[in-house]
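Q: Starting from these lines, generate the structure:
(2 chains)
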Amino acid sequence: MAANAEIVVATTTGLCTKPVLPYAPTMVHTPDDSALMLRYQDGDVAAFEILYRRHKDAIYRYLLRLCGHRDTAEDIFQEVWGKIVKARASYRPTAKFTTFLYRVAHNCFIDHLRRNKRHAGNTVLEPELHSDSAESLELVTERSLARERLEVALTTLPDEQRDAFLLREEGGLSVDQIASVTGCNRETAKSRLRYAVTKLRSAIDEPAEAS
Amino acid sequence: MTNEANDNDPRVSEAYRNFSAESTSPELDRKVLSMAAADVRARYWIPRLWIRPIAWAATIALSLAFILEISRFADEPAAQIDSDVAEMLEERAMADEAAAKTKDENVGRQRLGGGSDAPATMKVATPPDQSAPAPAAAGATAMEDASVSLDSEADDMSFLQEAEEQARIRSEPARSVAAFAEKKEQSSDCDEDARASAETWYECVNALRDAGHTEAARHELESLLTEFPDFREPVVSRQIDR
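A: Numbering: from 1, shown residues only, chains lettered A, B, ... in the order given. This next block holds a predicted model:
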């Protein structure tokens, strides 16, 4: 709802271009994000609240998909925003705010991985994320099954590919921005994204191809 | 299928969007927002802690400075007036010195005799009965000029004397008043009428001698001899004087 409202506001004010991804429209308000961050730098808490509500769900989902644990995701989520708050004094709008935000989130997740070796491998979905999936398989539609398969496939992706895919889907970042956030070159980021999309597409199409 | 399609598949995106709808809990939102607000408060509160003491200190300092300035201003006029008077007196004293020098030079020139222009003009300017025979028209013109120059010189001299006396009175109030009175008394011993001719002037000198004002008499006699170089003092008087 908030995202739709922002689309309307952005369209009427003409402050942004048409979003690439309709469900991630908040990521294209870069000038506004920077302006809000600068206002928060001057002590405007309301500006930070707008900024936070604009990006919080996408960041949260990004972290949740990366680590697979709700509590862990919430911890990292708080850590990310804490760093944003701490960095407000030194913030300079030299790059897109979304790139800055997802770089912080990415680094926080990497730090978390280093602190907790149990996340070194592929993350597994918690029961709550795919609960009832087994008992309702026969009841859900093919669409729901596709979603379930996509979700499972996402968890089985390598971390780098999943990271690239989530940065694209949740953050709306371009290949260059993904490369910047993850600290690799453009071709590597593009390759990771391509592999991720290919595998997920295969997961979605698997039953149809099987049938 | 192009690379772009491989990078971004709408079906995959749609499927992901359908199941990816998690949101943060209100509790988590509250935590983050309160953290952000607390950080802003902390950063702005630290300076504010110093605002009140600094404001008090500044108020006290400004008040003290104002009071000191007022008290200094109250004492300042008298001192300022004193300094102004001292400056004026100093300037006048310097002007008087210059005037005295000029006067001395003029007197010296007069005493030197006919070598200079002033004695010549003075001779010319003497009354007709004591001076040279009646001049011609050109001589009358020269006499007028000489008379004018003598008058102007006399005016200058009197002005310089007056300035000198006034400056002395101003610079040395008590002493100068007495000196001026004495001088005035001395100078008034032989007035202009007495100085009109050598004989009357000499009678005045004798009167001063008789009155016991030997210094004034000597001064007047010197002036008389200066003004009338041809005047011959009687032998008796000269002996008495010596």
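Q: show me where pLDDT drops low in chain A?
A: Residue ranges of chain A with pLDDT under 70: A:1-31, A:117-143, A:207-211.
Q: Look through it and tell me its longest helix.
A: helix A:186-210 (DSSP state H).
Q: Briefly note if that helix comes near chain B.
A: Yes: Helix A:186-210 reaches chain B (CB under 8 Å from any CB of the partner chain) through A:190, A:193-194, A:197-198, A:200-201, A:204. To be clear about C-beta, it is placed using only N, CA and C from the backbone, and glycine gets the same treatment.
Q: And the furthest pair within these?
A: Distances among those were taken as CB to CB; the most separated pair is A:Lys190 and A:Ile204, at 21.1 Å.
Q: Got the phi and psi for B:Arg232?
A: In terms of degrees, to the nearest 10, the main-chain angles of B:Arg232 are phi -110, psi 120.
Q: What is the neighbour count of it?
A: Around B:Arg232 there are 9 other residues, counting by other CB atoms under 10 Å in any protein chain shown.
Q: just B:Leu160 next, same as before
A: When neighbours are counted by other CB under 10 Å, B:Leu160 registers 19.
Q: I'd say it and B:Glu105 touch.
A: No: judged on CB atoms under 8 Å, B:Leu160 makes no contact with B:Glu105 at a distance of 10.9 Å.
Q: ok so, going back, selection in PyMOL covering whichever of the residues of helix A:186-210 next to chain B are buried, please.
A: A single PyMOL command selects the buried members of the residues of helix A:186-210 next to chain B (16 or more other CB atoms under 10 Å in any protein chain shown):
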select buried, chain A and resi 190+193+194+197+198+200+201+204
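Q: Same list (the residues of helix A:186-210 next to chain B) but as a markdown table, adding distance to B:Asp230.
A: Listed next are the residues of helix A:186-210 next to chain B as a markdown table, based on distance: CB to CB, whole Å:
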| residue | distance to B:Asp230 |
| --- | --- |
| A:Lys190 | 133 |
| A:Leu193 | 135 |
| A:Arg194 | 139 |
| A:Val197 | 141 |
| A:Thr198 | 145 |
| A:Leu200 | 144 |
| A:Arg201 | 146 |
| A:Ile204 | 149 |
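Q: closest to B:Leu224 among the residues of helix A:186-210 next to chain B?
A: Distances from B:Leu224 to those, taken by CB to CB, are shortest for A:Lys190, at 129.0 Å.
Q: Could you check how far the closest one is from B:Ala163?
A: 105 Å (CB to CB, to the nearest Å).
Q: Okay, helices next: where are they in chain A?
A: So, for chain A - with DSSP H - the helices run A:2-13, A:30-41, A:45-67, A:70-86, A:97-115, A:142-156, A:159-169, A:175-182, A:186-210.
Q: most tightly surrounded among those?
A: Highest mean neighbour count of the helices of chain A: helix A:159-169, a mean of 25 (counted as mean count of other CB atoms under 10 Å in any protein chain shown).
Q: got the angle between the longest helix of chain A and helix A:175-182?
A: Orientation check (axes from the mean of the first three to the mean of the last three CA atoms, to 10 degrees): helix A:186-210 against helix A:175-182 gives 110 degrees.
Q: State the distance from B:Trp56 to B:Met157.
A: From B:Trp56 to B:Met157 the distance is 72 Å (CB to CB).
Q: what's the answer for B:Pro229, then?
A: For B:Pro229, the distance to B:Met157 (CB to CB) stands at 18 Å.
Q: go on, A:Ile110?
A: Note on A:Ile110: its distance to B:Met157, by CB to CB, is 109 Å.
Q: which residues does B:Ala207 contact?
A: B:Asp189 (CB atoms under 8 Å, 6 or more residues apart in numbering or on different chains).
Q: Which element, helix or strand, includes it?
A: Assigned by DSSP states H and E, B:Ala207 falls within helix B:198-211.
Q: same for the very next helix or strand once past that helix, what does it pack against?
A: Counting by DSSP H and E, the next helix or strand C-terminal to helix B:198-211 is helix B:214-227. Applying 3 or more CB pairs under 8 Å, 6 or more residues apart in numbering or on different chains; DSSP states H and E, one finds that helix B:214-227 contacts helix B:173-187, helix B:198-211, helix B:235-241.
Q: picking that back up, how about the helices of chain A in a markdown table, adding distance to B:Asn18?
A: Listed next are those as a markdown table, based on distance: least, CB to CB, whole Å:
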| stretch | distance to B:Asn18 |
| --- | --- |
| helix A:2-13 | 15 |
| helix A:30-41 | 27 |
| helix A:45-67 | 13 |
| helix A:70-86 | 20 |
| helix A:97-115 | 22 |
| helix A:142-156 | 5 |
| helix A:159-169 | 12 |
| helix A:175-182 | 23 |
| helix A:186-210 | 11 |
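Q: Among those helices, which comes closest to B:Ser223?
A: The nearest among the helices of chain A, by CB to CB, is helix A:30-41 at 97.0 Å.
Q: Now do the closest one: everything it contacts.
A: A:10, A:15-16, A:47-48, A:50-51, A:54-55, A:88-89, A:91, A:93, A:96-98, B:36, B:40.
Q: what's the angle from it to helix A:70-86?
A: Between helix A:30-41 and helix A:70-86, the angle comes out at 70 degrees (the same axes, to 10 degrees).
Q: what angle sits between helix A:30-41 and helix A:97-115?
A: Counting by the same axes, to 10 degrees, helix A:30-41 lies at 70 degrees to helix A:97-115.
Q: Isn't B:Met35 up against A:Lys83?
A: No: when contacts are counted by CB under 8 Å, B:Met35 is not listed as touching A:Lys83 (10.9 Å).
Q: That concludes my questions; thank you for your assistance.
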